[in-house]
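Asks: Fold the stuff below for me.
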Amino acid sequence: MDLSGKFLIAMPAMGDPRFERSVVLICSHTEEGSMGLIVNKPMPDLNFSRLLDQIGIAHGDAVPSVPIQYGGPVEPGRGFVLHGDSWISATGTMQLADGMAMTATQDVLEALATGVGPARAFLALGYAGWGPGQLESEILRNDWLTADAAPDLIFDADQAGKWAAALATLRIDPLTLSSTAGRA
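Replies: Alright, predicted model coming up:
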């Protein structure tokens, strides 16, 4: 089963604190491994305008407020812009699911800095990665639930409420989840 464009929702007993109560958008899922971005871990100490200054991207005084997220523990210095699919980079945008795309080239940051980039976007620093078969094993171990991704949840939902909102797409109340896997 291809999980590209799907959500992974961390179960309550997630043993890795980096992924506790995480919602991850899977960007790529192949036999060689998987890559995703955590969509509900804001980095409030980082400011988009200051980040642009640090990497040398020119901008005016009215820089749009682009949220910065912790995308995952792999390559935390690498940035990925998750955005609506109405904006496409000339140098490389990956279509994900309906209404969502990802661009990891500097031109999207330049477009955002000047106000001509995607209207719905956030910058993720780092990503979550899994080797061949690793993600499938974690799902079987009851570490993750899978669900269809929802652009509105990614871009519009309250950060603190995204985990519960993602569970609600499956009609699951977080209070009813068990940390024990079962087999029928």
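Asks: so what's Met102 up against?
Replies: Residues near Met102 by Cβ atoms under 8 Å, 6 or more residues apart in numbering: Cys27, Leu37, Phe80, Val81, Leu82, His83, Thr93, Met94, Leu96. From N, CA and C alone the C-beta is placed, and that goes for glycine too.
Asks: wait, I meant Thr105
Replies: Thr105 touches Ser89, Thr91, Gly92, counting by Cβ under 8 Å, 6+ apart.
Asks: Show me which positions of the helix or strand bottoming out on mean pLDDT in the chain end up buried.
Replies: The weakest-scoring helix or strand in the chain, judged by mean pLDDT, DSSP states H and E, is helix 151-156 (a mean of 86). Of the residues in helix 151-156, Pro151, Leu153, Ile154, Phe155 count as buried by neighbour count, 16 or more other Cβ atoms under 10 Å.
Asks: For Pro174, grab the count of nearby residues.
Replies: When neighbours are defined as other Cβ atoms under 10 Å, Pro174 has 13 of them.
Asks: pLDDT value on it, please?
Replies: Note on Pro174: pLDDT of 80.
Asks: From Gly161, how far out is it?
Replies: To Gly161, Pro174 is 11 Å away according to Cβ to Cβ, to the nearest Å.
Asks: just Ser137 next, same as before
Replies: 29 Å.
Asks: same check, this time on Val74
Replies: 26 Å.
Asks: now Ser34
Replies: Taking Cβ to Cβ, one finds Ser34 at 26 Å from Gly161.
Asks: Which of those two has more residues huddled nearby?
Replies: Neighbour totals were compared for Ser34 and Gly161, and Ser34 leads with 24 against 12 (other Cβ under 10 Å).
Asks: what comes up buried for the particular helix or strand that has that one in it?
Replies: Applying DSSP states H and E as the criterion places Ser34 in strand 33-38. Buried positions in strand 33-38, judged by neighbour count with 16+ other Cβ under 10 Å: Ser34, Met35, Gly36, Leu37, Ile38.
Asks: same deal with stretch 9-23?
Replies: Ile9, Ala10, Met11, Met14, Phe19, Arg21, Ser22, Val23.
Asks: Quick one: these as JSON lines, columns for pLDDT and distance to Asp143 too.
Replies: What follows is the buried residues of stretch 9-23, written out as JSON lines (pLDDT from 0 to 100; distance: Cβ to Cβ, whole Å):
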{"residue": "Ile9", "pLDDT": "97", "distance to Asp143": "10"}
{"residue": "Ala10", "pLDDT": "96", "distance to Asp143": "7"}
{"residue": "Met11", "pLDDT": "95", "distance to Asp143": "6"}
{"residue": "Met14", "pLDDT": "88", "distance to Asp143": "6"}
{"residue": "Phe19", "pLDDT": "95", "distance to Asp143": "8"}
{"residue": "Arg21", "pLDDT": "95", "distance to Asp143": "12"}
{"residue": "Ser22", "pLDDT": "96", "distance to Asp143": "10"}
{"residue": "Val23", "pLDDT": "96", "distance to Asp143": "13"}
